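Colleague: Quick one: sequence plus predicted model below, questions after.
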Amino acid sequence: MHQRASAPDMMPPPACCVGVFDSGVGGLTVLTALRRRLPHTRLLYAADSAYAPYGERDASYVIDRSRRLAQFLLSQGAQAIVVACNTATALAIAELRRQWPLIPFVGIEPAIKPALAASAGRPVGVLATPATLSSAKFQALVLSLNPQGDLLLQPCPGLAEAIETLGPDAPGTRGLIARFCAPLREAGCSTVVLGCTHYPLVAEAIREALGAAGAGACLLDPADAVAAQTGRIVASLQTPAARRDAQQGPELIAWTNGQPAALRRVAAACGLDGMPVRTLPAMLE
Ligand code: DGL
């Protein structure tokens, strides 16, 4: 005899609403991991493409942009915010936490610790924006890990912008990847930290540019660890009010102040096809 599902089994899965932002399309690599881990969570994505790149700007610029994006996502009902940008995490997350002490903020940092663990003493390459590598937060991270082997810190000025404006496969983007990977290739790095959320979009080109070590190289992208941490926060937020809010509007929606078609293209390449993309309101201008 079939047993009827008990009332709790028939309830809709609990959900809540998480805001995610980046300087542009890069954070879609984190959004993809969030979507995979949290299929019942309403995800709101904001791409600040008109103000990208952040990686060659000073802290006050990145803090101002991050505040505006956080404010917008909160106004749309976000109960937690994922800063899907290494640069904004390095320069602005402390300010966001100060301004909104009751909102959980999850950041992303270059995955140096797991890289050092995986490298077995061989040199580790770190590709990131100039602003991330020169930030006090990043310097403190390196110091706390006290790496024994070589850590090659490679700033990549212009790479996020090239991915954003030319596209991941454009010759100009490929040229920059070849240039920035050359020192890592010469040092024989087979462990490489992707320290900017735009870079997983060009992971295959990075492998090629690493030469012989590239095919088997370990490229570290912490997006899934960020999604797991967000999942723990979401679990703690699932109040009845959170469930009610989460039922308003589509489960996944993005806003951009750049070209919606460009965001849609990258989203589709990340497996997020069909995601509605709207224009960011004037408060973001
Ligand atoms: N995707 C960002 C990061 O993770 C920012 C890139 C940029 O705007 O320069 O650092």
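Modeller: Received, thanks. Numbers count the residues shown, from 1 in each chain.

Colleague: Show me what from the protein comes close to the ligand.
Modeller: Residues of the chain lying close to the ligand (CB under 6 Å from any ligand atom) are 22-23, 26, 52-55, 85-87, 129, 132, 160, 196-198. Backbone N, C-alpha and C define where each C-beta goes, glycine included.

Colleague: Please name the strands paired to the helix or strand encompassing L153 in the sheet, noting orientation.
Modeller: Using DSSP states H and E, L153 maps to strand 151-155. Strand pairing for strand 151-155, using DSSP bridges, gives strand 124-128 (parallel).

Colleague: Outside of the strand it pairs with itself, list whatever touches it.
Modeller: For strand 124-128, the external contacting residues (CB atoms under 8 Å, 6 or more residues apart in numbering) are 55, 86, 110, 112, 115-116, 133, 138, 147, 149-156, 159, 180-181, 183-184, 187, 189, 191-196, 199, 206.

Colleague: Just the buried residues of those.
Modeller: Among the contacts of strand 124-128, those classed as buried by 16 or more other CB atoms under 10 Å are 55, 86, 110, 112, 115-116, 133, 138, 151-156, 159, 180-181, 184, 189, 191-196, 199, 206.

Colleague: Narrow the residues you listed to those in strands?
Modeller: Among the buried ones among the contacts of strand 124-128, DSSP state E puts 151-155, 191-194 in strands.

Colleague: Wait, S49 touches A261, no?
Modeller: No. Using CB atoms under 8 Å as the test, S49 is too far from A261 to be in contact (11.5 Å).

Colleague: Show me which of the two is the more surrounded one.
Modeller: S49 (22 against 9; other CB atoms under 10 Å).

Colleague: Quick one: the helices in the stretch 101-250 of the chain, in order.
Modeller: Remark: helices assigned in the stretch 101-250 of the chain by DSSP state H, counting those that start in this stretch are 112-118, 130-133, 136-145, 159-165, 171-187, 203-209, 223-237, 240-246.

Colleague: Report the rounded mean pLDDT for the fourth one.
Modeller: Going back to what we said before, that points to helix 159-165. Helix 159-165 shows a mean pLDDT of 97.

Colleague: if you skip the residues just before and after it, what's nearest to E161?
Modeller: Nearest non-adjacent residue to E161, counting by CB to CB, 6 or more residues apart in numbering: P53, 4.4 Å away.

Colleague: wait, that neighbour sits on S23?
Modeller: Yes. Between P53 and S23 there is a contact under CB under 8 Å: 5.9 Å.

Colleague: Spit out the contact partners of the most centrally placed residue in the chain.
Modeller: Among the residues of the chain, the one closest to the centroid is A84, at 3.1 Å (CA atoms, centre = their mean). Counting by CB under 8 Å, 6+ apart, A84 makes contact with 20-22, 26-27, 29-31, 108, 197, 226.
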